[in-house]
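> A predicted structure for the sequence below; I have some questions about it.
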Amino acid sequence: MGRRGPGKTPVDDVRRKGNPGRRPLNEREPRAVPGAPPLPSHYDEEHEATWHWLCAELAAMTPSVLATSDLAYVMLYCDAWSHYLAAERTLEDESAVALSEKGASYITAYAQLRKMYANELASYAKELGLSPTARPGISAGKPADAGGGKFFKVVRA
């Protein structure tokens, strides 16, 4: 069984929000190296297009949440997306529901696969911060300063 309760708050968040409980901070907390993970050499065009889209989306978040250590999750997302599309293409030609020899209806294997890959995509999207409900739970550090400091005023004409 896993650990109970909410996950630990990253040290950077505790410093920013304050440490009212005065609990000791993990000064040796590992930090991910920012940047895109390398594209796997065995990917076909569909995987590669998904890879580039996903890395661009994650890098465009302010601040960027993409790290080189995200290789496994990005690969899993790309694989699940490719398999989901393959099941979807097959279901364009075939029905999602079939009749057995006895006349009972059942969901076909491709419809079950599509549902399975859709669930996988949702869980990977949550881990990567791609779903709207996952973003509030992600701490990406301080956003970059868009202005010139606290004394900078923008004058609009």
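Received the coordinates, thanks.
> what's the neighbour count on residue 95?
Residue 95: 12 surrounding residues under other C-beta atoms under 10 Å. C-beta coordinates here come from the backbone N, C-alpha and C atoms, glycine included.
> same check, this time on the one 5 residues further on
If you count neighbours by other C-beta under 10 Å, residue 100 ends up with 8.
> Begin at 604, not 1, for the rest of this chat.
Let's use 604 as the start, then, which means that last one is residue 703.
> That one contacts residue 711, doesn't it?
No - Residue 703 is beyond contact range of residue 711, at 11.1 Å (criterion: C-beta atoms under 8 Å).
> send the alpha carbons of the top helix by length along the chain over as CSV?
Longest helix in the chain, counting residues (DSSP state H): helix 674-696. Extracted in CSV, the C-alpha atoms of helix 674-696 (Å, rounded to 0.1, in the frame of the first residue of the first chain):
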residue,chain,number,x,y,z
LEU,A,674,11.2,11.0,-20.9
ALA,A,675,9.2,8.0,-19.7
TYR,A,676,5.9,9.9,-19.2
VAL,A,677,6.3,11.7,-22.6
MET,A,678,7.0,8.4,-24.3
LEU,A,679,4.0,6.7,-22.6
TYR,A,680,1.7,9.6,-23.6
CYS,A,681,2.9,9.4,-27.2
ASP,A,682,2.4,5.6,-27.3
ALA,A,683,-1.0,5.8,-25.8
TRP,A,684,-2.0,8.5,-28.2
SER,A,685,-0.8,6.5,-31.2
HIS,A,686,-2.7,3.4,-30.0
TYR,A,687,-5.8,5.4,-29.3
LEU,A,688,-5.8,6.8,-32.8
ALA,A,689,-5.3,3.3,-34.3
ALA,A,690,-8.3,2.0,-32.4
GLU,A,691,-10.3,5.0,-33.4
ARG,A,692,-9.4,4.5,-37.1
THR,A,693,-10.5,0.8,-36.9
LEU,A,694,-13.8,1.8,-35.3
GLU,A,695,-14.5,4.1,-38.2
ASP,A,696,-14.8,1.0,-40.4
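> And residue 634, how close does it get to residue 618?
13 Å (C-beta to C-beta, to the nearest Å).
> And for residue 704?
On the measure of C-beta to C-beta, residue 704 and residue 618 end up 66 Å apart.
> if you count what's nearby, which of those two comes out ahead?
residue 618 (10 against 5).
> For the more buried one, what is the enclosing helix or strand?
helix 614-620 (DSSP states H and E).
> roughly how far out does that helix sit from the chain middle?
Counting by C-alpha atoms, centre = their mean, to the nearest Å, helix 614-620 is centred 23 Å from the centre of its parent chain.
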